[in-house]
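> Below: sequence and its predicted model.
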Amino acid sequence: DAEITQSPRHKITETGRQVTLACHQTWNHNNMFWYRQDLGHGLRLIHYSYGVQDTNKGEVSDGYSVSRSNTEDLPLTLESAASSQTSVYFCASSLNRGPVFFGPGTRLTVL
Amino acid sequence: QQQVKQSPQSLIVQKGGISIINCAYENTAFDYFPWYQQFPGKGPALLIAIRPDVSEKKEGRFTISFNKSAKQFSLHIMDSQPGDSATYFCAASTDSSNTGKLIFGQGTTLQVKP
């Protein structure tokens, strides 16, 4: 079955370290998104991509970067992790105007 | 700036009752309004969605009511069941060609008591 996967599912890192969260989807969706979820804020959009080589900043993009070299993957990189980036991160994908499917999430703790 | 405001923050309903969650938005350019259901430790899952050209959409026990003039929309869960206990998020999008660029409400934790 087609799916969207995230790895790792849990990550503990130290302030200042570079961290990369992986997202892989097998639906051949053109759109991919990264959200973070924090209590009291719901989910907020970090970055998104409408296709290969296309990336765009979302509402809370500072300190994050993405790259889209193929249809299936959109890795999220924290260049220098900060405690404020402790959160649960969700990758999502969709096909044009179709429904958006979310991955299982990655819980990131920055100490 | 919170563009989508959701209430209540938490809700307790008896089994068989009706659960109602409300959302209000500010941006009149929003043209896609989905509701997501999230269980602990899982990603959000699309429950039902509506576009502003209709005032109501029903799928099984779940109904979205949409009031364009009031800039409000709500989720009604009929005959609520313990298995409906989860966190519910409303969302909105202005991107008519791609629906994943979403603004989410803060979420409502629903508990359905047996």
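Ah, there it is. Values in this document were obtained by computation on a predicted structure and should not be read as measured data.
> Nearest residue to residue 9 in space, ignoring adjacent ones along the chain?
You didn't pick a chain, so chain A it is. Spatial nearest neighbour of A:R9, chain neighbours left out: A:T106 (6.0 Å); criterion: C-beta to C-beta, 6 or more residues apart in numbering or on different chains. All C-beta atoms are positioned from the backbone trio N, CA, C, and that covers glycine.
> my question was about chain B
Counting by C-beta to C-beta, 6+ apart, the residue nearest B:Q9 is B:T108, at 6.4 Å.
> which ones are touching the one you found?
Shown in contact with B:T108 (C-beta atoms under 8 Å, 6 or more residues apart in numbering or on different chains): B:Q6, B:S7, B:P8, B:Q9, B:S10, B:L11, B:I21, B:T87, B:Y88, B:F89.
> contacting residues for residue 68?
Picked chain A for this. Contacts were defined as C-beta under 8 Å, 6+ apart; by that measure A:R68 touches A:M32, A:S49, A:G51, A:V52, A:Q53, A:D54, A:T55, A:L74.
> other chain: chain B
Residues touching B:K68, when contacts are defined by C-beta under 8 Å, 6+ apart, comprise B:P52, B:S55.
> one step back: for the residue nearest to A:R9, which residues count as its bridge partners?
When assigned by DSSP bridges, A:T106 has beta-bridge partners A:Y89.
> Up against chain A, what does chain B have?
Chain B comes close to chain A at residues B:4, B:6, B:34, B:36, B:41-46, B:49, B:89, B:91, B:96-107, as judged by C-beta under 8 Å from any C-beta of the partner chain.
> among the residues you listed, which are in strands?
With strands defined by DSSP state E, the entries of the residues of chain B next to chain A inside them are B:V4, B:Q6, B:P34, B:Y36, B:A45, B:L46, B:A49, B:F89, B:A91, B:L102, B:I103, B:F104.
> Wait, the first one touches B:G107, no?
If I follow you right, that is B:V4. No: distance between B:V4 and B:G107: 10.8 Å, which falls outside the contact criterion (C-beta atoms under 8 Å).
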